[in-house]
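*Asks:* Below are the sequence and a predicted model; questions follow.
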Amino acid sequence: MESYLNENFEVKPKNSSEEVLQRWRDLCGVVKNPKRRFRFTANLSKRFEAAAMRRTNQEKLRIAVLVSKAAFQFIQGVAPSDYTVPKEVQEAGFQICGDELGSIVEGHDLKKLKFHGGVSGVADKLATSTTNGIPTDAAALNRREEVYGINKFTESVARSFWVFVWEALQDMTLMILGVCALVSLIVGVATEGWPKGAHDGLGIVASILLVVFVTATSDYRQSLQFRDLDKEKKKISIQVTRNGYRQKMSIYDLLPGDIVHLAIGDQVPADGLFLSGFSVLIDESSLTGESEPAMVSAENPFLLSGTKVQDGSCKMLVTTVGMRTQWGKLMATLSEGGDDETPLQVKLNGVATIIGKIGLFFAVVTFAVLVQKMFGRKLQHGTHWSWSGDDALEILEYFAVAVTIVVVAVPEGLPLAVTLSLAFAMKKMMNDKALVRHLAACETMGSATTICSDKTGTLTTNHMTVVKSCICMNVREVGKPADGGSSLSSELPTSVVKVLLQSIFNNTGGEVVVNKNGKREILGTPTETAILEFGLSLGGDFQAERQASKLVKVEPFNSTKKRMGVILELPEGGGVRAHCKGASEIVLAACDKVINSDGDVVPLDEESVKHLNATIDQFASEALRTLCLAYMELENGFSADDAIPVSGYTCIGIVGIKDPVRPGVRESVALCRSAGVTVRMVTGDNINTAKAIARECGILTDDGIAIEGPVFREKTQEELLELIPKIQVMARSSPLDKHTLVKHLRTTFNEVVAVTGDGTNDAPALHEADIGLAMGIAGTEVAKESADVIILDDNFSTIVTVAKWGRSVYINIQKFVQFQLTVNVVALVVNFSSACLTGSAPLTAVQLLWVNMIMDTLGALALATEPPNDELMKRPPVGRTGNFITNVMWRNILGQSLYQFLLIWFLQAFGKTIFFIRGPDADLVLNTLIFNTFVFCQVFNEVNSREMDKIDVLEGILDNQVFVAVITATVFFQIIIIEYLGTFANTTPLSIVQWFFSILFGFLGMPIAAYLKQIPV
């Protein structure tokens, strides 16, 4: 079975091709209810629609760019186009309508833009300020919203409970049973009169309705959980200036006229126009499929919603929002395409298909045998030519039994149990600060064998402060900002403080702003924040420093160059100066001069280099992040088109930044190790800093290797094969090194790899990994988009929680499969063998429907929602090659099935004798006893299924309230069915002794299960 499943029902956890997804759908035979079975699978037709839309966008954009280029050449001689402002727009206080704005940006129409007075003209017509943004009084915002719309795209309407009821009714077998019930009702009433003749028919109808409502309730609750998770996934915020204050806002609250601040890794939240910025490269592939990034500047100012900032930073004026943008229309289609199905869902669809075919075969044979036996009896009595209504009812009952065998034998609930378990786990993980973006990641994480983690912010707290500095060749401790900085600035020559502050405040991706409460606030990454705080503690004034000189060019920091630079035009003809900041050894290598202890610039001799390198190593060995600041006078001037120089700098100094290790990380790493999961640290930091922190976290052991990215890159294929298993720390790594490491681990070593990432450049590694984990706080939108799970608190301990939940999902589904297959096998064999041997089926249609509900919907609820325990992290991971239905499961399934089958066979053969069952109702009493025993076997088997290997199955049972509720409800309704619903369910009340033995026979399954678990497999 496993090899058949691997061959035909195998999909990747992510990025499976459309052909593979289509293939397994085509192989699914014997599907009772396609609407329900395939509800949580991708809608391939909608995906094709979205792909076609992308191609159209690409063509549109290409033509728009060509037209705008052509128009640009003739723009001077063109007469202004006619445009009349619609009356309602004018009345609202604006001078341009949404459609006109849309056509300017989407059509890249420079001619129209020029006609409206360029970007500043459009801003005026939108009644906004390019520096202060839009005013925030509620009436004005409402008017703006009415005229231009909101930044949301149309979503499919939430489905009501009755839609789920209707879908549950689409089950083919239930429909056939419904028809049987109707015929039974008509024939029964005709032959036996009302109400006696209606009991059988009404019993089946009541059972069908019960099954439908329980199924619909479970499905509806599940859909609500997914809806909540979808809302969480869409929470994206962006920096916006409104009413003169910079603030974080949800992208869904944006309106035309808003001023948005975009940085590397951000997603453009709406269509808009470029206001100011440097080196902006935009990746438009998500919208147009075009892989070549587009350069955005004052000459080409168009920014499209849904595209990503690949490099640079800028301010943008929002012009078009929501469904007026191409992205809005594309997202509306894409959202209907759904998530890819998970490997377990597909595999269990395969299991359901195989067992369904076997069940169908047995059902047909059972029906044939029952009819043949009946015909044989009539032949014996010579009544084969006379057929009565009772005979018709008997054949109908046989047909109903055959159909119900299909109901019980086709484990339709298997693939849905995966979704139920995943929905439950995802909801719980959300409370544990992990947001799952792709369903499959949940189960894949349980198989993870390796975690490649970032250092900064994941293993450390990301609360950074400058604690040491080496300026003017002297190492000093930096105290608290209140005192430490001012004492340091008094020790340094004035000229040095001046150039240091100029470097800190101009060469930064951060900002110091005054918030609504009038308090000073530092914006930017934790590293930038730490350095800006250091600058402020030296007595610096951010705004004054920024206004004193003019920025000519900015090269933002990226993880490949590991440095950033700016060019400044100094005031009063002071010339042009370049500032550079970045990884200490890289910036220091670009310096040939240094500021000495007297504040003079002197050549950088060997001794000074040794001193500075020793300082870097000393800082790093104390687990400090080190940054080097440098500057350079550009005597020959500078043009904005030139590249920023890469050498010839003067070293100002080195700062050491403390970023403490998160509490609980060491324990989490130890837990991973005991669970057979290797943790590797991959960081862009200095190797000594990385080693110090890796030792503190317990990642770097005595037999492990720490390596630098540039060294790793140079290794041959053979050397890598030997090296990679031992690597525990990779420092100074580039995104490409991370990608290479992940690829080798996955392909060469067949590991299941989880990778953390926060930057834009981590996207390829996140995409390549089996599970991409993006950081919720420090992560860029691009990283989150490529990830499968978002770690909302950026904490390594949360990653371990995700792994624990992943294992829990996998094992819970295994437990449910073991339980359900046992019921399948027994119900099939009992009804089939009984039909063949006695000519009647001991379990009627109504009873089988009740059993089906116990094992399907209720069983899934009880077993698939078991919370994780610490034991899960003491066993090795499943990895990539483990079988889903293991030998342990087969042992338990076959052992329990054999016991239950022998027990029921024994009761059928000797039940009347043992329990002294006499009289006209003897068969009914015996069949009720068999039915009751069978149900209690399932109740105790459900308890057994809580553990597949452990003998103590009761440990922690009361912690799972869902499980207790399901078992209690099952027992309660079983008593009601036996004692009070006999006319509908073909049962009769049992004596105390019979009840005692029914429960005892069921309970005996537990010691038998304990004995089975001692048999080695």
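*Replies:* All right, it came through fine. Numbers count the residues shown, from 1 in each chain.
*Asks:* what residue is smack in the middle of this protein?
*Replies:* R437 (2.0 Å; C-alpha atoms, centre = their mean).
*Asks:* ok, now how distant is it from P13?
*Replies:* As judged by C-beta to C-beta, to the nearest Å, R437 and P13 stand 13 Å apart. C-beta here means a position set from N, CA and C on the backbone, and glycine is covered the same way.
*Asks:* avg pLDDT for stretch 305-318?
*Replies:* Averaging pLDDT along stretch 305-318 yields 89.
*Asks:* Spell out which residues sit in contact with P725, please.
*Replies:* F749 (C-beta atoms under 8 Å, 6 or more residues apart in numbering).
*Asks:* returning to what we had before: dihedrals phi and psi, the residue nearest to the centre of the chain?
*Replies:* Backbone torsions of R437, given as degrees, to the nearest 10, read phi -90, psi -30.
*Asks:* Over to V789?
*Replies:* The phi/psi pair for V789 (degrees, to the nearest 10) is phi -130, psi 140.
*Asks:* With T307 instead?
*Replies:* phi -80, psi 170.
*Asks:* And for L624?
*Replies:* Dihedral pair for L624: phi -100, psi 140, per degrees, to the nearest 10.
*Asks:* Quick check: what element follows the helix or strand containing K114 along the chain?
*Replies:* Following DSSP states H and E, one finds K114 within helix 110-115. Sequence order places helix 118-125 as the next helix or strand after helix 110-115, per DSSP H and E.
*Asks:* Need the outlier residue of this structure, farthest from its centre.
*Replies:* For the chain, the largest distance from the centre (C-alpha atoms, centre = their mean) belongs to G382, which lies 68.8 Å off.
*Asks:* Mind pulling up the pLDDT for it?
*Replies:* We have a pLDDT of 75 for G382.
*Asks:* cool, and G485?
*Replies:* 54.
*Asks:* ok, now the one 5 residues further on?
*Replies:* Reading off the confidence values, S490 has pLDDT 82.
*Asks:* Tell me, how many residues neighbour it?
*Replies:* Residues lying near S490 (other C-beta atoms under 10 Å) number 11.
*Asks:* what does the one 5 residues further on give?
*Replies:* Residues near S495, counting by other C-beta under 10 Å, number 12.
*Asks:* list the contacts for it?
*Replies:* S495 neighbours (C-beta under 8 Å, 6+ apart): G599.
*Asks:* can you give me the helices for the stretch 901-1017 of the chain?
*Replies:* 922-944, 961-980, 982-985, 992-1003, 1005-1012 (DSSP state H, counting those that start in this stretch).
*Asks:* Now distance to G312, mean neighbour count and mean pLDDT too, for those, in TSV please.
*Replies:* Formatted as TSV, these follow (distance: least, C-beta to C-beta, whole Å; neighbours: other C-beta atoms under 10 Å; pLDDT from 0 to 100):
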stretch	distance to G312	mean neighbour count	mean pLDDT
helix 922-944	59	22	92
helix 961-980	51	15	92
helix 982-985	72	19	80
helix 992-1003	70	16	94
helix 1005-1012	64	17	93
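*Asks:* Tell me which of the ones you listed lies nearest to S537.
*Replies:* Between S537 and the helices of the stretch 901-1017 of the chain, the shortest gap by C-beta to C-beta is with helix 961-980, which sits at 53.6 Å.
*Asks:* Which strands or helices does the closest one pack on?
*Replies:* Where contact means 3 or more C-beta pairs under 8 Å, 6 or more residues apart in numbering; DSSP states H and E, helix 961-980 is packed against helix 859-863, helix 922-944.
*Asks:* Provide the backbone phi and psi angles at I657.
*Replies:* phi -110, psi 130.
*Asks:* I'd assumed M464 was in contact with it.
*Replies:* Yes - in this structure, I657 is within contact of M464 by C-beta atoms under 8 Å, at 4.9 Å.
*Asks:* shared neighbours, the two?
*Replies:* Joint contacts of I657 and M464 (C-beta under 8 Å, 6+ apart) are T527, A530, R625.
*Asks:* Per the annotation, how does this structure divide into domains?
*Replies:* 51-75+86-151+254-335, 161-225+343-425+803-1014, 434-460+662-794, 465-481+491-658 (the TED database).
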